[in-house]
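Colleague: Test case, fold it:
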Amino acid sequence: MTRSLDFAFALEGDMIDREYSFGLYRALAAALPWLTDEPLAGVHPIRGLTACAAGLIVGGRTRLTVRAPAARAEDCGTLQGQVIEVPAPLRIGRFTRRELLPYPVLYSPLVVTGAGEEGRFLEDVAAATAELRIDGAPIVGRRGEVSVSAQRCTGFSLMLHGLSPEDSLRAQEHGLGLHRMLGCGLFVPHKSIAAVGS
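Modeller: Down below sits the predicted model:
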């Protein structure tokens, strides 16, 4: 059984920048001092944002989701009611706990290993899954980038399929690659094997 949960928070705000990941991480790290040092913690890309010419609009269904050990539930709960600057202000509302589900197919929109070439990236994925004892077939999708402070880091979307329930939960709990706090390398269930670049 996994020791981690997803804590999904309602968000209120107007608009944030398209490149919000690093600002969000800094704001959350200030609000939750333990976050950076918690090896199983991560921050999912914000869901429910609507793109427009000026940035990303925060709506009624927008959710901030933090993946963390179940033992951190009370700590995560302290975010409720806080206003963080991303740098645009976001008010964090109530949260719900979501169990990790053992789907045979998982997807991450961006996995960063330090490799900018697909062949080397696959080698890194193979080494990481072997170390975690995860037996699943990878499908590499489109190339993407994430801003880490003043640097741009390259990665790829990634699907893992053919996973046993135990391996699925292990992959979700541990993730793959670098920059979990920026939404990278965190896996969510996917209904079927489809184009990972779609």
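
Colleague: Please count neighbours and contacts with C-alpha atoms only from this point.
Modeller: OK.

Colleague: Export only the CA atoms of the biggest strand by length in the chain, formatted as CSV.
Modeller: Taking DSSP state E as the criterion, the chain has its longest strand at strand 55-69. Only the C-alpha atoms of strand 55-69 are listed here, as CSV (Å, rounded to 0.1, in the frame of the first residue of the first chain):
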residue,chain,number,x,y,z
GLY,A,55,-1.6,34.1,-19.5
LEU,A,56,-3.7,31.5,-17.7
ILE,A,57,-7.1,32.2,-16.2
VAL,A,58,-8.0,30.7,-12.8
GLY,A,59,-11.5,29.4,-12.8
GLY,A,60,-14.0,27.7,-10.5
ARG,A,61,-12.6,24.2,-11.2
THR,A,62,-8.9,25.1,-10.9
ARG,A,63,-7.1,22.8,-8.5
LEU,A,64,-3.6,22.9,-6.9
THR,A,65,-2.5,19.3,-6.1
VAL,A,66,0.3,18.4,-3.7
ARG,A,67,1.5,14.8,-3.6
ALA,A,68,2.9,14.0,-0.1
PRO,A,69,3.1,11.2,2.4
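
Colleague: what's next to it, contact-wise?
Modeller: 3-18, 38, 40-51 (Cα atoms under 8 Å, 6 or more residues apart in numbering).

Colleague: So what are the sheet partners of it and their directions?
Modeller: strand 4-12 (antiparallel), strand 15-16 (antiparallel), strand 42-43 (antiparallel), strand 47-52 (antiparallel) (DSSP bridges).

Colleague: Using CSV, write down the CA coordinates of the first one.
Modeller: Listed next in CSV are the C-alpha coordinates belonging to strand 4-12 (Å, rounded to 0.1, in the frame of the first residue of the first chain):
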residue,chain,number,x,y,z
SER,A,4,1.4,8.9,-0.3
LEU,A,5,-1.8,10.8,-1.1
ASP,A,6,-2.7,13.6,-3.4
PHE,A,7,-4.1,16.7,-1.6
ALA,A,8,-6.2,18.7,-4.1
PHE,A,9,-6.9,22.4,-3.1
ALA,A,10,-9.5,24.7,-4.6
LEU,A,11,-7.9,27.9,-5.9
GLU,A,12,-9.2,31.5,-6.2
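
Colleague: list the buried ones in that strand?
Modeller: 4-12 (16 or more other Cα atoms under 10 Å).

Colleague: now stretch 92-101
Modeller: Neighbour-count burial for stretch 92-101 [16+ other Cα under 10 Å]: 92-93, 95, 100.

Colleague: could you dump the strands paired with strand 55-69 to TSV with mean pLDDT and distance to residue 139?
Modeller: Below are the strands paired with strand 55-69 laid out as TSV (pLDDT from 0 to 100; distance: least, Cα to Cα, whole Å):
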stretch	mean pLDDT	distance to residue 139
strand 4-12	97	24
strand 15-16	96	31
strand 42-43	98	22
strand 47-52	96	23
